[in-house]
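Asker: Have a look at this prediction, sequence included:
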Amino acid sequence: MKKILALLLVLCMTLSLAACGGKKEEPATTESVKETEEVTEEPAEESAEAKTIKVGVAIYKFDDNFMTVYREELQRYFEEDMSKDGVTYEVTVVDGKNDQAEQTNQIQNFIASGVDVIVANLVQSSAAASVINLCKDADIPVVFINREPTADDLALWDKVAYVGADARQSGTFQGEIINETPNKGDFNGDGKINYVMVVGDPENVDAKYRTEFSIKAVTDSGMQVEKLVEQRGDWDQAKGQEIVAQALTQYGKDVEVVFCNNDAMALGAYQAIEAAGRKVGEDIYLVGVDALDEAVAYVNEGKMTGTVLNDANGQSHKAAEVAALVVNGEAIEKNYTVDYVKVIKK
């Protein structure tokens, strides 16, 4: 009898332990599976939202003062300010070296590498149609900057736009700066302004408009003008210095105003003016466009009569935003314009 009781006791204890063990393992296993599922699901959601947009930026040449400021801010804005909420902009910037054939080849390389959008500062605005057709064939949107294509070119495709400023306004502002001087640019009092015009690139629409509308603003004010020299400076400081130095040697004190299509050439012009013993504001006026830091400093020091702010930050930000719109399949306008601002001595 004692043996039977002992056996029953052992059997009961065994069954009890087995039952307790079952209760502990089953819930733990279920929770473990659920936690594993939750952990693996979250990264999957993040991965689905992450997106990289490849941007190819083609600049006409890297050693242009204004376009250096522009391209650096454009890249920074894409990579720092716009890369958020799971979207990363991967930006590649190339130097066209002022050679349209070289730049066209670079754009073809962008297309072959599968960029999502191209931002193009053309060497020659006349190349816009061929660039648009290349991009259209590959279905890669293109945003032109700084050098404006024709309206006919922009009409070739709905995924193309231009972001820039109205160069007519910048030329008008240059002329108005001269109109606002005490003698309206007429130092010798003969009723007309004798001027030198340093042109960026005659094929560039900005250069054409700045050249035309700066003089128009002066003549619209009632002043007569006489053009002593109009010469191409290719937006280059050294060429600006050379052209103005030659003009001052040839015409001497007859030169009353020097108009430059950009600040780089105006900085060169100032070097020539200083070397010739002339004094800006006393016997000659000098104006540029871009409001580069050095040029603004010259204006405030009296070394330049004025300049016109070509808003690199505003334009580069707008170009990046338009590129983002078109990549996301949203409708875009053909032209986006950022206003110029007159800069004179404070």
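Answerer: Received, thanks.

Asker: C-terminal to the helix or strand bottoming out on mean pLDDT in the chain, what's the next element?
Answerer: Across the helices and strands of the chain, the lowest-confidence element by mean pLDDT, DSSP states H and E is helix 2-49, at a mean of 43. Remark: after helix 2-49, the chain's next helix or strand is strand 51-59, criterion DSSP states H and E.

Asker: what sits up against that following strand?
Answerer: Residues from elsewhere that reach strand 51-59, judged by C-beta atoms under 8 Å, 6 or more residues apart in numbering: 67, 71, 74-75, 78, 86-96, 103, 106-107, 110, 113-122, 323-324, 327. Backbone N, C-alpha and C define where each C-beta goes, glycine included.

Asker: For the stretch 101-250 of the chain, give me the ranges with low pLDDT.
Answerer: By pLDDT under 70, the stretch 101-250 of the chain contains no weakly predicted segment.

Asker: Break down it into its helices, ranges please.
Answerer: Taking DSSP state H, counting those that start in this stretch, the helices of the stretch 101-250 of the chain run over residues 128-138, 151-154, 167-179, 205-220, 237-251.

Asker: Out of these, the one nearest residue 304 is which?
Answerer: Taking C-beta to C-beta, helix 167-179 is the member of those nearest to residue 304, at 9.9 Å.

Asker: list the helices and strands the closest one packs on?
Answerer: Judged by 3 or more C-beta pairs under 8 Å, 6 or more residues apart in numbering; DSSP states H and E, the packing partners of helix 167-179 are helix 205-220, strand 285-287, strand 307-309, strand 341-343.

Asker: Redo those as JSON lines? Include mean neighbour count.
Answerer: Listed next are those as JSON lines, based on neighbours: other C-beta atoms under 10 Å:
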{"stretch": "helix 205-220", "mean neighbour count": "20"}
{"stretch": "strand 285-287", "mean neighbour count": "28"}
{"stretch": "strand 307-309", "mean neighbour count": "26"}
{"stretch": "strand 341-343", "mean neighbour count": "19"}
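
Asker: Output those in CSV, with distance to residue 198 appended to each entry.
Answerer: Output for those, formatted as CSV (distance: least, C-beta to C-beta, whole Å):
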stretch, distance to residue 198
helix 205-220, 9
strand 285-287, 10
strand 307-309, 14
strand 341-343, 18
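
Asker: Between these, which one is closest to residue 156.
Answerer: Closest to residue 156 of the helices and strands packed on helix 167-179 is helix 205-220 (C-beta to C-beta; 17.3 Å).

Asker: tell me the angle the closest one makes with helix 167-179.
Answerer: Going by axes from the mean of the first three to the mean of the last three C-alpha atoms, to 10 degrees, helix 205-220 is angled at 40 degrees with respect to helix 167-179.
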